[in-house]
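>>> Task: produce atomic coordinates for the following.
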Amino acid sequence: MIGRIETTTRGKGLYEITADVQAVVDQASPDEGVCTVMIQHTSASLTVQENADPSARHDLEGWLDRLVREDDPHFTHVFEGPDDMPSHIKAALTSTTLSIPVVGGRLALGRWQGVYLWEHRAHGSRRSCVIHVTE
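Numbering: from 1, shown residues only. Predicted coordinates for the structure are as follows:
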């Protein structure tokens, strides 16, 4: 089964989409299988990350911002603003596709894990993900 989800972001940050992904798995109703999630954008990404303590997400965002700075004078792809090229690099360094096992009809995530859409642009956007559930 193939499903789609859309998430509206308010700017840079990690947005938990676990419940939305699980809803697509629920519709497919496999007992066991694989759920593949792919984001259809080049300036945002996906990650499985801690969902208990928001400071972990905050630290990840800060670390990636320090690693890929917006003020790099070597960037030429800046038509959409100073966060344009850095957002593409961040997406390339992280993941645009995730594969998560499905066990007992549920995403086989650990106790403190969630699925996140990672927005790398400073302004909000409507982001689309395609979800493929196989049995």
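>>> can you tell me the helix or strand for S55?
Using DSSP states H and E, the element containing S55 is helix 54-67.
>>> buried ones in the following helix or strand past that helix?
Under the assignment DSSP H and E, the closest C-terminal helix or strand after helix 54-67 is helix 84-93. Buried residues in helix 84-93, counted by 16 or more other C-beta atoms under 10 Å: 84-91. Every C-beta, even on glycine, is put in place using the N, C-alpha and C of the backbone.
>>> From the rest of the structure, what touches helix 84-93?
41-45, 64, 67-70, 72, 75-78, 118, 120-121 (C-beta atoms under 8 Å, 6 or more residues apart in numbering).
>>> just the buried members of those?
For the contacts of helix 84-93, a burial check counting by 16+ other C-beta under 10 Å picks out 41, 43-45, 64, 68, 75, 118, 120-121.
>>> and of these, the nearest to A52?
W118 (17.6 Å; C-beta to C-beta).
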